[in-house]
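Enquirer: the amino acid sequence is not available; the structure is as follows:
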DNA sequence: CGATGCCCCTGAGAGC
DNA sequence: TGCTCTCAGGGGCATC
């Protein structure tokens, strides 16, 4: 599943295909993903013009001319593919429908957008654009990690007194919105802080290092087109390549690129953590 | 309130 | 080949 860099990469690939175009036909192939689709999804999309394509945390937000915004979350296995349009140097013909294609939008000009999500942890909703921040899935989100609201004093304040490991705090979308398992592991490695450390024991200098590392790793990953593991692909079907730059994620037993110590794997709140016991403390 | 587990679901890969 | 088991970019919700 896509974390912030993957969602941002999808957004950038999709924006020129969607923005300014009219949805001629919406094929809603099942009634729900994680939650039921909003009532009348197909008719509410049909004939609408997409005015903008934005992103908040891991949510894609397509602003429609009817005053509603289409909200899409990709969950763990969601993919969005474009066909029938010129994407970069390539022309993608419409492929045969695949298993787990749940929502298919045909646009004026011939492009087709297909949402595929095998595990169905994703979400689709429609909500009034002028109240988008009040949507139940968006209302509690913390600041964007690449925005001005995420800085060292803020993070230090949110970590103060907290008994949870620093990794759990960074994964908490109410504290900072858009990080997931990969980029938290990678950022903590860059900051030389162990994911096992309790948040209340992280000092101000380390908070500064974590903020810088989070920003740096997200920017590097976006520059690389995200990370392609398993399901994820860019909107144009190409693979991102940041996975080749992982220092620790998925590298248990491998040599730390900084000090050579073997990378360790642990389990925190049911998910794998990777860190270097040699240079992260 | 804060912390922790469970659960939703399918598919890929490993081991036998 | 086929079974069983583990694991996977998320996150809401119940429970202590």
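Expert: Yep, it's here. Note that the structure is a prediction, hence the values are computed from the model and not measured.

Enquirer: mind listing the helices in the stretch 101-250 of chain A by residue range?
Expert: Secondary structure of the stretch 101-250 of chain A, counting by DSSP state H, counting those that start in this stretch: helices at A:152-159, A:166-171, A:181-191, A:204-223.

Enquirer: now the residue in the stretch 1-150 of chain A that DNA strand B sits nearest to: closest residue in space, sequence neighbours ignored.
Expert: Here the residue of the stretch 1-150 of chain A nearest DNA strand B is residue A:119; by Cβ to the nearest atom of the strand that distance is 3.3 Å. For glycine as for every other residue, the C-beta is placed from the backbone atoms N, C-alpha and C. Counting by Cβ to Cβ, 6 or more residues apart in numbering, residue A:119 lies nearest to residue A:77, which is 4.3 Å off, once chain neighbours are set aside.

Enquirer: got the helices of the stretch 101-250 of chain A as CSV, with mean neighbour count, distance to residue A:20 and mean pLDDT columns?
Expert: As requested, the helices of the stretch 101-250 of chain A are arranged in CSV below (neighbours: other Cβ atoms under 10 Å; distance: least, Cβ to Cβ, whole Å; pLDDT from 0 to 100):
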stretch, mean neighbour count, distance to residue A:20, mean pLDDT
helix A:152-159, 18, 37, 97
helix A:166-171, 23, 36, 97
helix A:181-191, 25, 32, 97
helix A:204-223, 19, 24, 97
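
Enquirer: of those helices, which approaches DNA strand C most closely?
Expert: Nearest to DNA strand C, of the helices of the stretch 101-250 of chain A and by Cβ to the nearest atom of the strand, is helix A:181-191 at 3.8 Å.

Enquirer: within range of DNA strand C, give me the residues from chain A.
Expert: Neighbours of DNA strand C within chain A, by Cβ under 7 Å from any atom of the strand: A:1-3, A:6, A:34, A:57-58, A:73, A:75-76, A:119, A:121, A:137, A:140, A:173, A:180-182, A:226-232, A:270-272.

Enquirer: can you tell me which of these are buried?
Expert: By neighbour count, with 16 or more other Cβ atoms under 10 Å, these hold A:1-3, A:6, A:57-58, A:73, A:75-76, A:137, A:173, A:180-182, A:226-229, A:231-232 as buried.

Enquirer: that older thread, just checking, the residue of the stretch 1-150 of chain A closest to DNA strand B touches residue A:74?
Expert: No: Residue A:119 is beyond contact range of residue A:74, at 10.3 Å (criterion: Cβ atoms under 8 Å).

Enquirer: and the pLDDT at residue A:198?
Expert: You'll see residue A:198 listed with a pLDDT of 97.

Enquirer: with residue A:87 instead?
Expert: Looking at residue A:87, its pLDDT stands at 58.

Enquirer: residue A:273 - that's part of a strand, no?
Expert: Yes: secondary structure of residue A:273 (DSSP: H, G, I helix; E, B strand; the rest coil): part of a strand.
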